[in-house]
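>>> Build the 3D model from these lines:
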Amino acid sequence: MKNRLILKSFQSPGDIVMLSAAVRDLHAAHSGRFQTDVRTSADAIWENNPHLTALDERDPEVTSLDMHYPLVHESNQRPYHFVHGYTQYLEKQLGLPIPVTAFRGDIHLTGSEKLSPPRPQDIELPERFWIMVAGGKYDFTAKWWNPASYQAVVDHFRDRIAFVQCGEEGHWHPPLNGVTNLVGKTTLREFIQLMYHAEGVVCPVTLAMHLAAAVESKSARGYGRPCVVVAGGREPVHWEAYPNHQFISTTGTLDCCQSGGCWKSRCQVVDDGDSKDRRELCENPVQVTEDLRIPRCMDMITPEEVIRRVELYHQGGLHHYLNNNEREDTQMTTTIVSPRSNVVPPEAESKLTAEQQQRVLLQFRHGLGDAIQLTAVLRHLRHYHPDWNVEVAALPGKQTAFVGLCGRSFSFNEKPIPTDRYDQVFDLEWDECATCYADYPSTKVERCLTDVFDLAPIPELCRYEMRPREDAVAKAKRYLQQVCKVYPSEDGRYPVVLIHYQGNTSAEYKDLPHATARMVCEQVIKSGSVPIILDWDNRSPLPDGKRIHNPHVDLDIWGGIGTGDAEVLAALIELSSLMIGVDSGPLHVAGATSTPTIAVWTKHHPLHYFGHADNVTHLVPRKHQELLRGDLEAGNSYFETHYRYRPYDNLDSELSTTVNDQLYDREGGLVYTRNFWIRSNNAAQDLVVVQDIAENDSYRIDELPMPEPVIIDVGAHIGCFSQAIHSRNPLARIFAVECCPENLTALRKNVGGFATVIQGAMTYEKDIALLNAVFPDCVTTGGSCVVSREQLAQASGKTGVGADPKDSATAQYWADSRPLMAVTLEQIIEQHNIDRIDVLKLDCEGSEFSILENSTSLERIDRIVGEYHGKDRFHELVQRKFPDWKLRILKDGELGTFWLENPRCDKAVDTAKLPVPTKRCASHCPRQSAAPWIYLCTPQHTGTHFLRILLELHPKVSFWRCGRTIVEGRPLGEWHKLYLDGAISLRELLRLGVRSEPDLPEWTRQEVAKLGLSLPDKRVEYDLIQKHALRTVPWYPSLPTVVSVRDPLLAIISGLRRKGPEVAEGIVAGVTFLATKRDECFMFCVDQWKQHRERALDLMSYLDLEPTQEIYDYIAKWPSPNSSETHQHLILNASSELAEARRLALEDRQVHPIVEPWAQRLRQAGLQEFYESLGYADLAWFE
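Got it, this is the predicted structure:
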């Protein structure tokens, strides 16, 4: 069984970053063995972390560990880094080795967080910036450096590095001049996002230092972000320093830190009553100002030393200053401050006032591609002319390309623009470049800069830039979710390939044939991704709305703009996995994103039509030099040096190869599509299984009983069956058995978080080997076969069997002579202490006969589902070995699928033999009521909210809450658990349902019948937990309903999938589940709804439910998760008290129009009459 751990630590956020490394390394070392959750002081650090599973501390199977890092006390003696601290402690607690896998914490960002930096309080950030933390917490003043020294660093790099000062509100962060001040203005998650977009960091030993290493860098490759750490002598270097950081330490230079870090807490006395002011004071303080003293080890570090370390990063050539005194329009003035002077308060921004700036208008009447190129011009204007307030007028839909790059952008309308309000007006003609430059690209951008503005192009600025806003990203997400029906992968991208192969102009120079585009679409589909043709005018015959899609002009995503909205298109591309385009607008938009892009050129040369973009690979004709204009040698030299390109002789062939290289990892890496991780070089084979088991439900998993089952999945492949079972019931114990080594990586990735993966072949034969059906780019969908080594030797080299994977291009198998471990059912039962098996699934290519013939544990199994190979042989086996079992053939033929059900499944358990708990709960029982009943196992504080709807729709209902009613010495909640465990039947549960001691008579089957309740033969199961695979569940009118609610929102969404009842209008983003049939029992729950504003819309999209605009408007009014408002409810704003519920219902009170129809019906029903009819003297049991 999987070990469930909750790791707790409430240290500072920097320490929590180190804890994230321990969680990462635990799962790397013991994949599939643990489920982990955390309780820490910094929840934002764990957002999007794939290693976490929501666990309940009250679950007896969950172990909580208070995490520490005692290794720190040996940091001056032993050569370990902080990254080892938590990990080694966890090793000792678990008794398991946990090697450290990466020299950093483990932070995960979404694709939308990577699109653009945060804008706290709408503060405009510099285009390129370093983060500076020039202070710290009051409990560790020994880490403080002189603020004047920080100021000197800022002043030195004036006009070359833009600094953004950060820090937490309430800590000590003296404001600096010449910086963008975000102190106290960012949340922790925004600070993490800001770190991704930062080019470098200057800070003491603090959270920023750990994040600089743990957060990947947008500008540097991977995690190579520069970071200069002003450390002093408090900590030993090896404990804190990261490989690529400039860690300025003075340990070993003073008596107090001669043998290592002193670990003192304070130098500046805080007078807060903390003992650190007395016991942990620095021994060598330096009074730098009247009000501030810092440690000598920190004072020994000069501003010049920090400056030198920053300069080292730029001298190496990996990083570059802001070119030619580049200024951002948000930069502040810099005041030169002596290193020994007091910190000067920040002065007014140097951004010129409206009267001082020149108002400049650019009139731009050109298409989308040209508009994106104009962003490079705007970047130059911001650099050269900070005294200009630039506004851009553009065609509709194009103006959003310039958001954040100029003072204002707007679209032309019928009214003329009052140009007399501007100091300068440029009506840009946007001519092509007729020559080749040797030092920068040769596009319209460079010609405009030189001819119109008389400016020298700067190569680093000859790149496109766009900043899509949140609403644009949200629109793109909604569309992609509707098309893909899956959630994005870990990097935030959807399995989508965008294709734009027909431009609006110069078709003979740009467009690709439909046949070429069709070839690419088929490649994309085969890889498991979704092709989307960008074709606003519906000219392409390829989109069919099923396999190939098109976000056509009429979709809401474009906001009614006929040719598409620029920033929405940018968001759409950024969230996709690959973009393929010709020389047109979408291709240029792709150049402003980070999405891998293939640019196809036939009769144009990219040097003249496309700027720098590291994410773009250009396919050019073999003799592309002939397409250049002017100085061919200079142009070709620049192109080959600064552009990524691949020449082709045959376009279709090279395009196909390039697409494959982007979509597939030739070494067999994993890609995520259709809810599964599959092997990139075996996508076709894996997706056949995904379609068969997960999507078409060939084993009828939806019909399997789902108490808290034990499942053994033999022939697990990549985990489709196991994942489907887990989706139906996350409480299931699942053992996934797979013999083929090539399948194990994907299997562990798909199910390792909840299932026990066992490598081996389940068989009772000896000396076995494998006819392996998995090899690179295989086309067979047959599974690997377990055979004897004698059979393997006989088959090797024969028709259909290759000698090794390389010989398998035309074969179905290859002779795999590697050692293969055999495992029996009995071994698994003994090793994992299994007393019963609810479902044994067999998909093992003929080995099912060995298992069914030889296993001695068949009577422990309730059901066997699987695939047989040989119809006559299988039926003979069933008649001989399973004469009393019920056989159900799901698919007939020589290769068929089946169910075998043990006859004991139909026998009810004698409840008298069940153990009775020794401790009884107090009895709170309602009086007798001849009414249908509903039993809800739900968080107690939500009971009243369920009741409100029950009273309205079924006013003769009796209601119990979990654990409050005793039946035969056992709380009802415990009976419900026995039912879910399969220990008692639904009939037995119904019989017990209203028996209580001592007032209520026993409800026999006859009494149930008198109430008109139907008792179906099959058990009614409700699995309302798993968010990714919400299943349709049976619905029985007038049947007492047993509901287990773990996540109320998901329970309600699951209710929307039911086939039986109508779902009334007025569903609010999937949170309200109401139905209109009066004779049925219904539920309503709003617990936790405030936390799911976005998820509600995502789930509705996933379920193909279209909320009305009224619902969208209503959702927009919900308080944010951080709201301090009291808990609100969607129906009548009910409180947790029944008396309040009654008062609200009887009043003629105004409510939101969405819920008014139900409120009206409730008032008409008259709650007073209902209370009196129940005859309750005491309603305390509802509380």
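>>> how deep is the closest residue to residue 364 other than its chain neighbours tucked in, by neighbour count?
Using CB to CB, 6 or more residues apart in numbering and skipping the chain neighbours, the partner closest in space to residue 364 is residue 394 (4.8 Å). Just so you know, the C-beta spots here come from the backbone N, C-alpha and C atoms, and that holds for glycine as well. Here the count is done by other CB atoms under 10 Å, and residue 394 has 25 residues near it.
>>> Need phi/psi at residue 394.
Taking degrees, to the nearest 10, you get phi -140, psi 170 for the backbone angles of residue 394.
>>> separation between it and residue 5?
Distance of residue 394 to residue 5, computed by CB to CB, to the nearest Å: 55 Å.
>>> and what of residue 303?
Distance, residue 303 to residue 5, by CB to CB: 46 Å.
>>> wait, the residue nearest to residue 364 sits on residue 406?
No. Residue 394 lies out of contact with residue 406 (CB atoms under 8 Å); the separation is 10.5 Å.
>>> mind giving me the domain ranges of this structure?
Taking automatic domain parsing as the domain assignment, the ranges for the chain are 3-94, 111-315, 358-461, 470-663, 676-766+822-898, 911-1182.
>>> Quick one: mean pLDDT for the longest one?
Per-region confidence: domain 911-1182 scores 35 on mean pLDDT.
>>> for the second one, same thing?
Across domain 111-315, the average pLDDT comes to 92.
>>> all numbers from here: first residue = 34
Sure, I'll start numbering at 34, so the last one becomes domain 144-348.
>>> Now the terminal residues of it, how far apart.
With CA to CA, to the nearest Å applied, domain 144-348 spans 32 Å between its terminal residues.
>>> How about stretch 624-634?
15 Å.
>>> Stretch 637-655 too?
Note: stretch 637-655 ends 13 Å apart using CA to CA.
>>> Now do the buried residues in it.
Neighbour counts over stretch 637-655 (16 or more other CB atoms under 10 Å) mark 637-646, 649-654 as buried.
>>> With stretch 818-833 instead?
By neighbour count with 16+ other CB under 10 Å, stretch 818-833 contains the buried residues 818-820, 825, 828-829.
>>> Just to be sure, which of those are found in strands?
818-820 (DSSP state E).
>>> wait, isn't residue 900 in contact with residue 928?
Yes. Under the criterion of CB under 8 Å, residue 900 makes contact with residue 928 at 6.9 Å.
>>> Specify which residue of these two has the higher count of neighbours.
Using other CB under 10 Å, the more surrounded residue of residue 900 and residue 928 is residue 900, with 22 against 13.
>>> Contacts only, for that one.
875-876, 881, 928-931 (CB atoms under 8 Å, 6 or more residues apart in numbering).
>>> now, the most widely separated pair of those?
Farthest pair in those (CB to CB) is 875 and 928. Separation: 13.2 Å.
>>> pretty sure residue 767 is in a strand, no?
Yes. Under DSSP: H, G, I helix; E, B strand; the rest coil, residue 767 sits within a strand.
>>> For it, name its beta-bridge partners.
Beta-bridge partners recorded for residue 767 (DSSP bridges): residue 744, residue 788.
>>> For it, give me the pLDDT.
The score at residue 767 is 94. That number is its pLDDT.
>>> That one contacts residue 786, doesn't it?
No. The criterion here is CB under 8 Å, and residue 767 misses it with residue 786 at 10.8 Å.
>>> Which one's more surrounded, these two?
A direct count of neighbours by other CB under 10 Å for residue 767 and residue 786 places residue 767 higher, at 26 against 19.
>>> residues touching the more buried one, list them.
Residue 767 is in contact with 744, 746, 755, 758-759, 784, 787-789, counting by CB under 8 Å, 6+ apart.
>>> before we move on, the earlier item: in the sheet, which residues pair with the residue nearest to residue 397? Tell me.
residue 397, residue 444.
>>> Can you tell me how far it is from residue 446?
Relative to residue 446, and taking CB to CB, residue 427 is found at 12 Å.
>>> count of neighbours near residue 294?
25.
>>> Residue 136 now?
Neighbourhood size, residue 136 [other CB under 10 Å]: 14.
>>> did I read that right, it in a helix?
No. Counting by three-state DSSP, one finds residue 136 to be coil, located in no helix.
>>> Can you say which two of the contacts of residue 767 are spatially most distant?
758 and 789 (13.0 Å).
>>> pretty sure residue 178 contacts residue 333?
No. When contacts are counted by CB under 8 Å, residue 178 is not listed as touching residue 333 (10.6 Å).
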